[in-house]
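*Asks:* coords please:
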Amino acid sequence: MTTYFLSCARLDERIALRIADELIAAGVSVWVDQYDIRPSQHWDRAVETAVRGCQGMIVILSPRSTASPNVADEVSVAIDGGKEVIPILIEPCTLPLRMTRMQFIDASKDRDGAVRRCLAAIRAKEPDAAAPDQDAGHAPSRLSAEVLRDAERRLTSFMGPIAGVLVRQAAGKATTAVDLYETLAGSIANPLDRKSFLDWITEHRPAGQVVTPRATKVPEGPPAPGGITPEEIDAITGALTRHLGPIAAQLVARERRAAASRHDLCQRLAARIAGEKDRAAFLKETRTA
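*Replies:* Numbers count the residues shown, from 1 in each chain. The predicted model follows:
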């Protein structure tokens, strides 16, 4: 099953997740960091693995995303890897140089129509899926396509491109989703990653529900610089999460070791926020926290 990586600026995540949810509901396997990265995973490592392991990429284009170094890096990796890139324009903007010759889908005035065109483009690229498991010598699965699709998307963040093969191999023997996940977990070497993958069994997301990013718990480490209390670290992490999403906890854990004071820590973190208005809002919130 072809998996598409969703690339977008953090400030565009609301509309990006709505588009992703509609594609997922239509049967497309979409890898979304808010859905597919467990709190215990390293955000940057999981994203890199997913980008390299996906077969295609959906890029949400706006002035924010074209200015985002993270989006630029993700697109470059996808293009260099020969992956199909589907740009969806949600606001007028100057297209990145490497995407100027690509045919983009305009969602700025008709989002529903854009989703239909995106779905049609994806379907046109899909290989004939008639009984692939039987042709490969695997028994037909008793599990739904949705369960298999979710398992593959989640396993991809740990295992990369081989995830699809592992899911197809395990699907013919598993009678329940629990059986499937426990079988697949045996392929994950790291015990913490294995536990993180298995935790998906007990977490269910109703169809169409947009999940807001969760801040991961800052790892235990040496005392914070400048006498910053754990409560202040939590408040700073929460404020940064509202601007950058799940990566905030990783950035706080990294920068706190180099910062000379609470003020220095907040300034270092503010530099990670793209918009001047959002940087000012973050600094104002952390001053009053």
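*Asks:* and the strands in this protein, which stretches?
*Replies:* Taking DSSP state E as the test, the strands found in the chain are 3-7, 29-31, 56-61, 84-89, 105-106.
*Asks:* the third one - contacts with which helices or strands?
*Replies:* What that stands for is strand 56-61. strand 3-7, helix 13-25, helix 69-80, strand 84-89, helix 111-125 (3 or more Cβ pairs under 8 Å, 6 or more residues apart in numbering; DSSP states H and E). From N, CA and C alone the C-beta is placed, and that goes for glycine too.
*Asks:* and that strand, C-alpha only, in CSV?
*Replies:* Only the C-alpha atoms of strand 56-61 are listed here, as CSV (Å, rounded to 0.1, in the frame of the first residue of the first chain):
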residue,chain,number,x,y,z
GLY,A,56,5.0,9.9,-2.0
MET,A,57,4.6,13.3,-0.4
ILE,A,58,1.7,15.7,0.0
VAL,A,59,2.9,19.2,0.5
ILE,A,60,0.6,22.0,1.9
LEU,A,61,1.8,25.2,0.3
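*Asks:* that one: how far from the chain's middle?
*Replies:* 12 Å (Cα atoms, centre = their mean, to the nearest Å).
*Asks:* quick check: angle from it to helix 13-25?
*Replies:* Orientation of strand 56-61 against helix 13-25 (axes from the mean of the first three to the mean of the last three Cα atoms, to 10 degrees) gives an angle of 150 degrees.
*Asks:* which one, of the helices and strands packed on strand 56-61, ends up nearest to residue 165?
*Replies:* strand 3-7 (12.4 Å; Cβ to Cβ).
*Asks:* find the residue at the geometric middle of the protein.
*Replies:* Relative to the mean C-alpha position of the chain, the nearest C-alpha, by Cα atoms, centre = their mean, is the one of residue 33, at 1.6 Å.
*Asks:* just name the most buried of the helices and strands packed on strand 56-61.
*Replies:* With neighbours defined as mean count of other Cβ atoms under 10 Å, those peak in mean count at strand 3-7, which reaches a mean of 26.
*Asks:* now that one: how far from the chain's centre is it?
*Replies:* That offset, for strand 3-7, works out to 8 Å (Cα atoms, centre = their mean).
*Asks:* and what of stretch 69-81?
*Replies:* The mean C-alpha position of stretch 69-81 is separated from the chain mean by 14 Å, Cα atoms, centre = their mean.
*Asks:* then stretch 244-261?
*Replies:* Put simply, stretch 244-261 sits 19 Å off its chain's centre (Cα atoms, centre = their mean).
*Asks:* only alpha carbons, please: show that stretch as CSV.
*Replies:* Extracted in CSV, the C-alpha atoms of stretch 244-261 (Å, rounded to 0.1, in the frame of the first residue of the first chain):
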residue,chain,number,x,y,z
LEU,A,244,5.8,24.2,17.1
GLY,A,245,3.9,21.1,18.1
PRO,A,246,5.4,17.8,19.4
ILE,A,247,9.0,18.8,18.7
ALA,A,248,8.8,21.5,21.5
ALA,A,249,9.8,19.1,24.3
GLN,A,250,12.8,17.9,22.4
LEU,A,251,14.0,21.5,21.7
VAL,A,252,13.5,22.5,25.4
ALA,A,253,15.4,19.4,26.6
ARG,A,254,18.3,20.3,24.1
GLU,A,255,18.5,24.0,24.7
ARG,A,256,18.2,23.9,28.5
ARG,A,257,21.6,22.4,28.7
ALA,A,258,23.3,25.2,26.8
ALA,A,259,21.2,28.1,28.2
ALA,A,260,22.8,30.3,30.8
SER,A,261,19.5,31.5,32.3
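*Asks:* mean confidence for that stretch?
*Replies:* Per-residue pLDDT values across stretch 244-261 average out to 76.
*Asks:* cool, and stretch 170-190?
*Replies:* 85.
*Asks:* where are the low-confidence patches of this structure?
*Replies:* 1, 34-43, 126-140, 160-161, 203-226, 245-247, 250, 288-289 (pLDDT under 70).
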